[in-house]
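S.K.: Provided below for reference: sequence and predicted model.
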Amino acid sequence: CILYAMEELKNQEILLNKKKLRSQMKTKLSLFCANQKEAESASNQACRIFLNSKEYKACQNLFCFVSLKNEIKTDLILHTALQDKKTVLIPRVISETQMDFYFLKNDLPLENQLISGFFGILEPADFLQKFEPDEKKLDSEEAKNLMLLPGLAFSPCGFRLGRGKGYYDRYLARIAKKIK
């Protein structure tokens, strides 16, 4: 019982620290993005670095978020990946706790494939096909999948701090059971 209480206190402390860090990072991002030219330049540079990376060049299937205000603008990445004939998937929030990814079409302009969804976030249009995690095309050993995750902060070890709703954490846990 004492161990459980100690673990519960530790979990509460972690949640409080995450909440505090989220607040600090949102403030820092808002201040940085107040200089629109500098923020746009940094975003473009980050996109160019990503698009020239060996990971991007090697991937066949790119799971990518559609950016919100104060995030790296992923439209350059999405346009380039479609031009490069990669399989591109973007998320759609389907409930208060769940999201799924949908295939974009390489032969349609990106703008024609996006609609305003939950929280005003651009999401895949209704006519796009939902990704099923057991699809052989993306589930084989030969598939080279790459997922870009949004985040407020990242540790050198690869841990990420999201916006606090847990959509990506739940999605990754759900598909991890289905994809080897």
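M.R.: Thanks, I have the structure now.

S.K.: only C-alpha atoms from now on, for both contacts and neighbour counts.
M.R.: Will do.

S.K.: neighbouring strands for the longest strand along the chain, and are they parallel or not?
M.R.: For the chain, the longest strand by residue count, based on DSSP state E, is strand 87-93. As defined by DSSP bridges, the strand partners of strand 87-93 come to strand 61-63 (parallel), strand 99-103 (antiparallel).

S.K.: right, and the helix or strand after the shortest one?
M.R.: Read in the C-terminal direction, the helix or strand following strand 61-63 is helix 75-83, with elements assigned using DSSP states H and E.

S.K.: what's the closest non-adjacent residue to the most centrally placed residue in the chain?
M.R.: The centre of the chain sits closest to L149, judged by CA atoms, centre = their mean, with a distance of 2.9 Å. In space, and not counting its chain neighbours, L149 is closest to F65: 6.5 Å by CA to CA, 6 or more residues apart in numbering.

S.K.: touching, that neighbour and Y167? I think so.
M.R.: No: counting by CA atoms under 8 Å, F65 does not reach Y167; the two are 11.7 Å apart.

S.K.: among those two, which residue is more densely surrounded?
M.R.: F65 (23 against 18; other CA atoms under 10 Å).

S.K.: check contacts around F118.
M.R.: F118 is in contact with V93, counting by CA atoms under 8 Å, 6 or more residues apart in numbering.

S.K.: now it: how far from V66?
M.R.: Going from F118 to V66 by CA to CA, to the nearest Å gives 12 Å.
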